[in-house]
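Visitor: Make a model of this:
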Amino acid sequence: MGNERAVVVGGSIAGLLTAAVLRRWFDEVVVLDRDELPTEAVVRKAVPQGRHAHALLARGNELFEDLVPGFRAEMVARGAVVNDQHADVLWYNDRHLLKRAPSTLAGILASRPLIESVLRHKVGELSGIVATANTPVEGLLIDGDRLTGVRTPEGELAADLVVDATGRSNRGPTWLAELGYAAPPEDVVQAGIVYSSREYRREPGAEDFVGIVSGLHPDNRFGTGTAAMEGDRWIVTLIGMQDNPPPTESGAFEDHAARVDGPELHRLVRKAESLTEAAGFRVGSSVRRRYEKAARLPEGFIAIGDSLCFVNPVYGQGMTLAALAAQWFGTCLEAGQDQLTKRYFDGVTKFVDQAWSMSVGGDLRFPDVVGERTRSGALINAYLGRLLRVASVDAVVGRRFLDVANFLSKPESLFSPSMLFRVVRQYRRAAEPRY
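Guide: Prediction:
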């Protein structure tokens, strides 16, 4: 302790995790949000993606509990579904069903409103954190090259540190420009993803799985993220691209599920009782703000969550990436305040690099998605296609793939000599799927 006040702008997941970290070093942490901050688990206007499928990867599950102790127990008490991601989830990759096997990959399936509600409750129990709703931030205050607070409709609020957790609305570059700082370079990829989601009644134990993940690929531009969640419900999110989006009309929604790889989803939605109408959502561009390459930044400015990097949510990385960044920020604070902004942005790239390369590498397989393609990228995608085929018969290969997808291993581990040997040896054994 010893620093007076930190301000976190944005009271969603990234902002709440960051507030939990900051309280160890600041006497007061103020979380400001322009929206309502309800105590109950309801979809917020500022979080339209809250109507669609969400899941915490195994690494995210670990980090949320480390940063906010008691989070997992309350999630389970309120109906979240803890699962073995290798044994309990059907993973379809390029039409191949990943071979299931028991593992220690413990994920959490729940609605986005429940995740936010539990996190808000547990963070609210921590001393030194004050959350204020309906309070938009209009700009930053500065003295020399150091931030000194924020401007709100109610007046100025002094702060020794300001965290931009405004998410996809991304206010940080605008605030910095008002102070004379050039916007950071950006990497942008527009995959043109569209969601349509509907809830169904779930009979626990009626299926031998609690989730279906079927990724889009050039041979089938339709996928799903389907998950069990609290309240004995399924959330079924159909995923398509803007040239042929999934429907929201009843009947057409269920028919469209037959176009997803694998027969399980179509069977599920044909027999389950629907509980809601389908809701559509157009996913914005993937954007990575390269603050580490900015020519100049004020000391005391931090960006986290979607304000730092928004990747295609099809890959389910966003919440885990936010937790990794929050943990890294704590490591930076542990080392002291000197050049905190630079050290944070320089170091957080190692997590963003992994998420960005996985997401964008998959997006650029589609010829109509605009972005820089390289020969090395094409070779990597060709190899990964073979690896995913082998993962349908080799649980060791499948586990390594899931370790990387869960941020538990580096992508390079997929190219180790032992992995290369398994992929080459078993490629012919892994037949093309028939369904």
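Visitor: can you count the residues close to Glu116?
Guide: When counting by other CB atoms under 10 Å, one arrives at 24 neighbours for Glu116. The way it works is simple: take the backbone N, C-alpha and C, and place the C-beta from them, glycine included.
Visitor: Then Tyr181?
Guide: The burial count for Tyr181: 20, using other CB under 10 Å.
Visitor: Begin at 13 from now on, thanks
Guide: Sounds good: first residue 13 from here, last item Tyr193.
Visitor: Contacts only, for it.
Guide: Contacts for Tyr193 (CB atoms under 8 Å, 6 or more residues apart in numbering) come out as 306, 308-310.
Visitor: which of those lies closest to Arg46?
Guide: Minimum distance to Arg46 across the contacts of Tyr193 is 22.2 Å, recorded for Pro310 (CB to CB).
Visitor: Count the neighbours of the closest one for me.
Guide: 20.
Visitor: ok, Gly140 touching Trp37?
Guide: No: under the criterion of CB atoms under 8 Å, Gly140 is not in contact with Trp37, lying 10.1 Å apart.
Visitor: In strands, which of the contacts of Tyr193 appear?
Guide: Among those, no member is found in strands (DSSP state E).
Visitor: Selecting buried members of the residues you listed in ChimeraX, what would you type?
Guide: The following ChimeraX line selects those of these that are buried, judged by 16 or more other CB atoms under 10 Å:
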select :306,309,310
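Visitor: What is the nearest of the contacts of Tyr193 to Val21?
Guide: Using CB to CB, the contacts of Tyr193 come closest to Val21 at Pro310, 14.6 Å.
Visitor: How much space separates that closest one from Ile154?
Guide: Going from Pro310 to Ile154 by CB to CB, to the nearest Å gives 6 Å.
Visitor: Now do the shared contacts for the two.
Guide: Common neighbours of Pro310 and Ile154, counting by CB under 8 Å, 6+ apart, are Leu191.
Visitor: And the residue nearest the centre of the chain?
Guide: Gly330 (1.5 Å; CA atoms, centre = their mean).
Visitor: can you pull the contacts of that residue?
Guide: Residues in contact with Gly330 (CB under 8 Å, 6+ apart) are 317-318, 322-323.
Visitor: who wins for most neighbours among those?
Guide: Going by other CB under 10 Å, Gly317 tops the contacts of Gly330 with 28 neighbours.
Visitor: What does the pLDDT read for it?
Guide: Listed pLDDT for Gly317 reads 96.
Visitor: which residues touch it?
Guide: Contacts of Gly317 (CB under 8 Å, 6+ apart): 22, 24-27, 177, 179, 330, 333-334, 337.
Visitor: Which residue ranges of the stretch 63-212 of the chain form helices?
Guide: 70-79, 83-89, 124-136, 184-190 (DSSP state H, counting those that start in this stretch).
Visitor: In TSV: those helices, plus distance to Arg301 and mean pLDDT.
Guide: Listed next are those as TSV, based on distance: least, CB to CB, whole Å; pLDDT from 0 to 100:
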stretch	distance to Arg301	mean pLDDT
helix 70-79	21	97
helix 83-89	28	98
helix 124-136	23	96
helix 184-190	7	95
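Visitor: I'd like those written out as JSON lines, with distance to Val206 added.
Guide: Shown next, in JSON lines, are the helices of the stretch 63-212 of the chain (distance: least, CB to CB, whole Å):
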{"stretch": "helix 70-79", "distance to Val206": "25"}
{"stretch": "helix 83-89", "distance to Val206": "29"}
{"stretch": "helix 124-136", "distance to Val206": "18"}
{"stretch": "helix 184-190", "distance to Val206": "26"}
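Visitor: Tell me which of the ones you listed sits nearest to Arg377.
Guide: Distance to Arg377, taken as CB to CB, is lowest for helix 70-79 among the helices of the stretch 63-212 of the chain, at 24.6 Å.
Visitor: Gly397 contacts His108, doesn't it?
Guide: No: using CB under 8 Å, Gly397 is not in contact with His108, being 9.2 Å away.
Visitor: So which of those two has more stuff around it?
Guide: The neighbour count for Gly397 versus His108, taken as other CB under 10 Å, is higher for His108 (23 against 15).
Visitor: Now do the end-to-end distance for stretch 278-298.
Guide: Using CA to CA, to the nearest Å, the end-to-end distance of stretch 278-298 comes out at 29 Å.
Visitor: Buried residues, that stretch. List them.
Guide: So, applying 16+ other CB under 10 Å, buried residues of stretch 278-298: 278, 280-281, 284, 286, 290-293, 295-296, 298.
Visitor: Output stretch 261-271 as PDB - backbone C-alpha positions only.
Guide: Extracted in PDB, the C-alpha atoms of stretch 261-271 (Å, rounded to 0.1, in the frame of the first residue of the first chain):
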ATOM      1  CA  GLU A 261     -36.300 -17.400 -37.000                       C
ATOM      2  CA  SER A 262     -37.700 -20.400 -35.100                       C
ATOM      3  CA  GLY A 263     -37.600 -23.500 -37.200                       C
ATOM      4  CA  ALA A 264     -34.900 -22.100 -39.500                       C
ATOM      5  CA  PHE A 265     -32.600 -21.900 -36.500                       C
ATOM      6  CA  GLU A 266     -33.000 -25.600 -35.800                       C
ATOM      7  CA  ASP A 267     -32.700 -26.500 -39.400                       C
ATOM      8  CA  HIS A 268     -29.500 -24.500 -39.700                       C
ATOM      9  CA  ALA A 269     -27.900 -26.600 -36.900                       C
ATOM     10  CA  ALA A 270     -27.700 -29.500 -39.300                       C
ATOM     11  CA  ARG A 271     -25.100 -27.600 -41.300                       C
END
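Visitor: Name the residues of that stretch that come out as buried.
Guide: Buried, per 16+ other CB under 10 Å, within stretch 261-271: 265-266, 268-269, 271.
Visitor: Out of these, which sit inside helices?
Guide: Among the buried residues of stretch 261-271, the ones falling in helices (DSSP state H) are 265-266, 268.
Visitor: Quick one: distance of the longest helix seen in the chain to the chain centre.
Guide: If you go by DSSP H, the chain has its longest helix at helix 352-375. Relative to its chain's centre, helix 352-375 lies at 13 Å (CA atoms, centre = their mean, to the nearest Å).
Visitor: what's next to the helix or strand that it is followed by, contact-wise?
Guide: The helix or strand immediately downstream of helix 352-375 is helix 387-402, counting by DSSP states H and E. Residues outside helix 387-402 that contact it (CB under 8 Å, 6+ apart) are 105-106, 108, 110, 373, 376-377, 409, 413, 426-427, 431, 434-435, 438-439, 441-442.
Visitor: next helix or strand past helix 387-402?
Guide: Assigned by DSSP H and E, the successor of helix 387-402 is helix 407-417.
Visitor: Pull the number of nearby residues for the closest residue to Met87 other than its chain neighbours.
Guide: Of all residues not flanking Met87 in the chain, Val130 sits nearest, at 5.3 Å (CB to CB, 6 or more residues apart in numbering). The local packing of Val130 (other CB under 10 Å) involves 24 other residues.
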